[in-house]
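Student: Let's see this in three dimensions:
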Amino acid sequence: MDYSILTAFFLFGGVKVKKYLLVSIIISLFLISCVSIPRGAGKPSWVNGSSVSNKVAGIGICGTHVNGKTAQRKLAIKRAIDEIASQLGVTVDNVTLMETIGTSSGASTSVESYSLQSVDGKVVAAVIKGTWQDPKTNELYIWMVTR
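Tutor: From the prediction side, this is the model:
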């Protein structure tokens, strides 16, 4: 490619071209910055309460758990089942036992949580329909629906 012609064009007659080129680059950058880029799936609609016809639904929510992801998931499932059970008229009793032991070298805390659900021979059976983890708060949401 002959760069001498291109250089001469920009040096002598291309002053207007340089301005137009600069303006078009600025406008292009502005338009590109205004385009909304999808950031992935947002909060699902069921997080705010969703029901399925002829079925009972419950949402269990659990923040970051001391014992990790598995414990967080188990607690969210338990809470979803508790919500379904209470809607079905099942007696739900949640008992949380917390023990803190302190010594001169440090302290440790243990937590035990129980969910007792009882009614005249009624069983709460549900399946997980959706899970979502809030990327900002790290809360885990589990949506369960009766079978």
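Student: burial count for residue 49?
Tutor: 10 (other C-beta atoms under 10 Å). The C-beta positions use only the backbone N, C-alpha and C, and glycine is treated the same way.
Student: these two touch, right, it and residue 58?
Tutor: No - using C-beta atoms under 8 Å as the test, residue 49 is too far from residue 58 to be in contact (9.8 Å).
Student: What's the first helix or strand after the helix or strand that contains residue 25?
Tutor: Assigned by DSSP states H and E, residue 25 falls within helix 15-34. Tracing the chain past helix 15-34, the next element assigned as helix or strand by DSSP H and E is strand 57-62.
Student: what about the helix or strand hosting residue 85, average pLDDT?
Tutor: Residue 85 belongs to helix 69-87 when assigned by DSSP H and E. Across helix 69-87, pLDDT averages out at 89.
Student: In this structure, where is pLDDT below threshold?
Tutor: Residues of the chain meeting the criterion pLDDT under 70: 1-23, 28-41, 50, 91-104, 106-121.
Student: Would you map out the domains in this protein?
Tutor: 3-34, 50-146 (automatic domain parsing).
Student: And residue 85, how far from residue 62?
Tutor: Distance of residue 85 to residue 62, given as C-beta to C-beta, to the nearest Å: 17 Å.
Student: now the helix or strand harbouring residue 145 against strand 57-62, angle please.
Tutor: Residue 145 belongs to strand 140-146 when assigned by DSSP H and E. Inter-element angle recorded for strand 140-146 and strand 57-62: 160 degrees (by axes from the mean of the first three to the mean of the last three C-alpha atoms, to 10 degrees).
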